[in-house]
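Asker: For reference, the sequence and a predicted model appear below.
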Amino acid sequence: MDMFKAYCRDFWRYRYLLYNLVGRDFKLKYRRSILGVVWSVLNPLLMNVVMVIVFSTIMDMRSGGIENFSVYLIIGQLLFSFFSEATTVAMSSVFSSAPLLRKVYIPKYIFPLEKVCFSLVNCLFSFIALIILMIATKAPLHLTVPLALYPLLTLFVFSLGIGLVLATLAVFFRDVMHLWGVFMTALMYFSAIFYDPMGLASSPSVEFLQKFISLNPIYWYITAFRGAVLDGRLLTGTEVAVCGICALVALVLGLSVFRKNQDKFILHM
């Protein structure tokens, strides 16, 4: 409890620094780009068009019973991209800030937190693409849409916890950065982004795949978000519990690992 109070005090004290760092990263990302922040909308839209052509036309994924496949797909894209970007940039945030950390005192966790916040802001802009696609496909607007905030916010907390662990490991072992890229590629195929694992034809191998996918927290965040936005249903008790518990466990683990090792960072940067 004392650990959380200390982090909260530091967060409030350095909130303006956090705000300025997020603004700086946002400007740097779109510097010298003609369209600028519009790419946050165009990129997921263009990727969605390509993937819809591949999966719904060439591979005939629509036969799996997925209604409004393009919206189903882009929701998976956006949430997985948020997690992937947030954890990847958080991983290198501490050792890349070494010159600043050597000059002034700044709570080191501010840097992973800032990267995850930046990824969330970028993700929120990307949701404009989801709105455009829902309008284009005449998807109904359900009253349950506000419930999608829960899986999104818990995914933010989950990403922060994982990001803190990765940031700690990356200071001591740079190889983690390369391994994480490979892991994220594999994770993408087990997060049900472009298929519905529960709609596949029943067989022993499919049943094993379904059980394996159910162990993936990202699958639950995406499924809960789809349920609220696309299906117009309330979140199930399992979705609420899994999303919340995974987020809390990841955050506690991340803060504990980070705090235990942060005093050694300067020796390895």
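Answerer: Looks like it came in fine. Everything quoted here is computed from the prediction, not taken from an experiment. Numbering: from 1, shown residues only.
Asker: mind showing which ranges of the protein have poor pLDDT?
Answerer: Applying pLDDT under 70 to the chain flags residues 1-7, 32-37, 56-65, 200-203, 267-269.
Asker: Tell me how far residue 83 lies from residue 158.
Answerer: For residue 83, the distance to residue 158 equals 8 Å [C-beta to C-beta, to the nearest Å]. For the C-beta atoms, the positions are set from N, CA and C on the backbone; glycine is no exception.
Asker: what do you get for residue 100?
Answerer: Per C-beta to C-beta, residue 100 is found 27 Å from residue 158.
Asker: cool, residue 118 as well?
Answerer: Distance of residue 118 to residue 158, given as C-beta to C-beta: 17 Å.
Asker: again, but for residue 9
Answerer: 23 Å.
Asker: Neighbour count for those two, which is higher?
Answerer: Using other C-beta atoms under 10 Å as the criterion, residue 9 and residue 158 rank with residue 158 on top: 29 against 11.
Asker: The more buried one sits in which helix or strand?
Answerer: Mapping residue 158 onto the secondary structure by DSSP states H and E places it in helix 149-172.
Asker: Flag every buried residue along that helix.
Answerer: Buried positions in helix 149-172, judged by neighbour count with 16 or more other C-beta atoms under 10 Å: 150-152, 154-171.
Asker: Tell me which other helices or strands it touches.
Answerer: Of the remaining helices and strands, those touching helix 149-172 by 3 or more C-beta pairs under 8 Å, 6 or more residues apart in numbering; DSSP states H and E are helix 69-91, helix 110-136, helix 175-189, helix 217-226, helix 237-261.
Asker: Residue 210: which of those is closest?
Answerer: Of all these, helix 217-226 sits nearest to residue 210, with 10.1 Å by C-beta to C-beta.
Asker: what's the angle between that closest one and helix 110-136?
Answerer: 40 degrees (axes from the mean of the first three to the mean of the last three C-alpha atoms, to 10 degrees).
Asker: How about residues contacting helix 217-226?
Answerer: Outside helix 217-226, the residues that touch it by C-beta atoms under 8 Å, 6 or more residues apart in numbering are 72, 75-76, 79-80, 83, 148, 150-152, 154-155, 158, 187, 190-193, 197, 213-214, 235-236, 239-240, 242-243, 246.
Asker: Can you tell me which of those residues are buried?
Answerer: Applying 16+ other C-beta under 10 Å to the contacts of helix 217-226 flags 72, 75-76, 79-80, 83, 148, 150-152, 154-155, 158, 187, 191-193, 197, 213, 235, 239-240, 242-243, 246 as buried.
Asker: Next one: residue 46 from residue 163, what distance?
Answerer: From residue 46 across to residue 163, the span is 27 Å (C-beta to C-beta).
Asker: mind listing what the residue nearest the centre of the chain touches?
Answerer: Geometric centre of the chain, nearest residue: residue 83, 1.9 Å, by C-alpha atoms, centre = their mean. Residue 83 is in contact with 155, 158-159, 218, 221, counting by C-beta under 8 Å, 6+ apart.
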